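Student: All I have is the shape, not the residue letters:
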C-alpha cells in the first residue's frame, strides 16, 4: 500500500537525486577541464578548485531546464519497470547527453576534437547516472515493511 507520505518522500528523493546528479556531472566537467586543459590552475590552488565547485553548482541551475524532460522520462521508465541496476541509469544518462549534445550544439563551430567531445559526454553521463543511482535509483519500487 502506497501512502501519500511514501509517495511524497519518493518524489523528494527523486528530485534530490536528479539535482545532485546534474551538479556532480557539471562539477566533474569543470574539474576535468581545469586539471587536464590548464594544469597550473589545478593542483595545489585550493581557491581555484573551490571557485570551480561554486561555478558548477550555479551552472547546474542553468542546465536543469534542458535536462529535465529527458531525465523525467528516464526516471519514469526506471520507476515503472523497477530498474535498480547501475547500468540502466548510466547508459540512460549517456544516451541523454548524446541526444542533448546533438540537439543543442553547433557541431561545426566546436574547437575541440570529436574524441574530446565524446570523452566529456561519456564521463558526464557516467558520473550523472551513477550519482542518481546512488541517491535514488537503488531504492526504486522497494516494498515497505508492512507489505
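Tutor: Good, I have the coordinates. Small disclaimer: the values here were computed from a predicted structure and weren't measured.
Student: lowest confidence element among the helices and strands of this protein?
Tutor: Lowest on mean pLDDT, DSSP states H and E among the helices and strands of the chain sits helix 46-80, with a mean of 80.
Student: contact partners of the helix or strand just after it?
Tutor: Following helix 46-80 in sequence order, the next helix or strand is helix 86-104 (DSSP states H and E). Defining contact as CB atoms under 8 Å, 6 or more residues apart in numbering, one finds that helix 86-104 is touched by 21, 25, 66-67, 70-71, 74, 77-78, 83, 117, 121-122, 124-126, 128-130, 132-133, 137. The C-beta positions use only the backbone N, C-alpha and C, and glycine is treated the same way.
Student: quick check: angle from the helix or strand just after helix 86-104 to helix 86-104?
Tutor: Next in sequence after helix 86-104, counting helices and strands by DSSP H and E, comes helix 114-135. Here the directions of helix 114-135 and helix 86-104 differ by 130 degrees (axes from the mean of the first three to the mean of the last three CA atoms, to 10 degrees).
Student: What remains of the contacts of helix 86-104 if I keep only buried residues?
Tutor: 21, 25, 67, 70-71, 74, 78, 83, 121, 124-126, 128-130, 132-133, 137 (16 or more other CB atoms under 10 Å).
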